[in-house]
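>>> predicted model and sequence below, questions to follow.
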Amino acid sequence: QLQLVESGGNLVQPGGSLRLSCAASGFTLDYYAIGWFRQAPGKEREGVSCISSGGGSTYYAESVKGRFTISRDTANNTVYLQMNRLVPEDTAVYFCAVQRTNTVQSMCVGVRANYWGQGTQVTVSS
């Protein structure tokens, strides 16, 4: 059974860091672009960062550029999102998702994916 499971969400103070993980089972991530998306209460889901199947192409939303880093671990079939200098506006449920595509920007901007995880809550508050 194909499954994506996110973990690593937590309550963190402004300026803090978190690393989210997205573990895939039932399939290999090698052939998919992978993205991190988030949805805050009352807002639409938005793309945060996406990475191509080979890892050579990445996309970051303007609001997270320079603070977040996406990476993929082929050996462990896992994708990570390192989040630094967190601000309250980063508070949301974070989802990972995959899509067979070569255009990571369209995946992130268009919030397009074939399969989604269940999400993990990130709360940035003092």
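Cool, got the structure. Numbering: from 1, shown residues only.
>>> okay, now the closest residue to Gln121 other than its chain neighbours: neighbour count?
Using C-beta to C-beta, 6 or more residues apart in numbering and skipping the chain neighbours, the partner closest in space to Gln121 is Gly9 (4.6 Å). (C-beta placed from N, C-alpha, C; glycine too.) A count of nearby residues for Gly9, using other C-beta atoms under 10 Å, gives 17.
>>> repeat that for Gly110.
12.
>>> for the nearest residue to it once chain neighbours are set aside, name its beta-bridge partners.
Spatial nearest neighbour of Gly110, chain neighbours left out: Gly47 (7.7 Å); criterion: C-beta to C-beta, 6+ apart. Counting by DSSP bridges, Gly47 is bridged to Phe37.
>>> if we can go back for a sec, Cys96 versus the residue nearest to Gln121, what's the distance?
11 Å (C-beta to C-beta, to the nearest Å).
>>> return every residue with contacts to both of these two.
Leu20 (C-beta atoms under 8 Å, 6 or more residues apart in numbering).
>>> contacts only, for the residue nearest to Gly110.
Each residue near Gly47 by C-beta under 8 Å, 6+ apart is listed here: Gly35, Trp36, Phe37, Tyr59, Ala61, Met107, Cys108, Val109, Gly110, Val111.
>>> need the strands for the protein, in chain order.
Taking DSSP state E as the test, the strands found in the chain are 3-7, 11-12, 18-25, 33-39, 46-51, 58-60, 68-73, 78-83, 92-99, 115-116, 120-124.
>>> tabulate the ones you listed in a markdown table, adding columns for mean pLDDT.
Listed next are the strands of the chain as a markdown table, based on pLDDT from 0 to 100:
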| stretch | mean pLDDT |
| --- | --- |
| strand 3-7 | 96 |
| strand 11-12 | 98 |
| strand 18-25 | 96 |
| strand 33-39 | 97 |
| strand 46-51 | 97 |
| strand 58-60 | 97 |
| strand 68-73 | 96 |
| strand 78-83 | 97 |
| strand 92-99 | 97 |
| strand 115-116 | 95 |
| strand 120-124 | 98 |
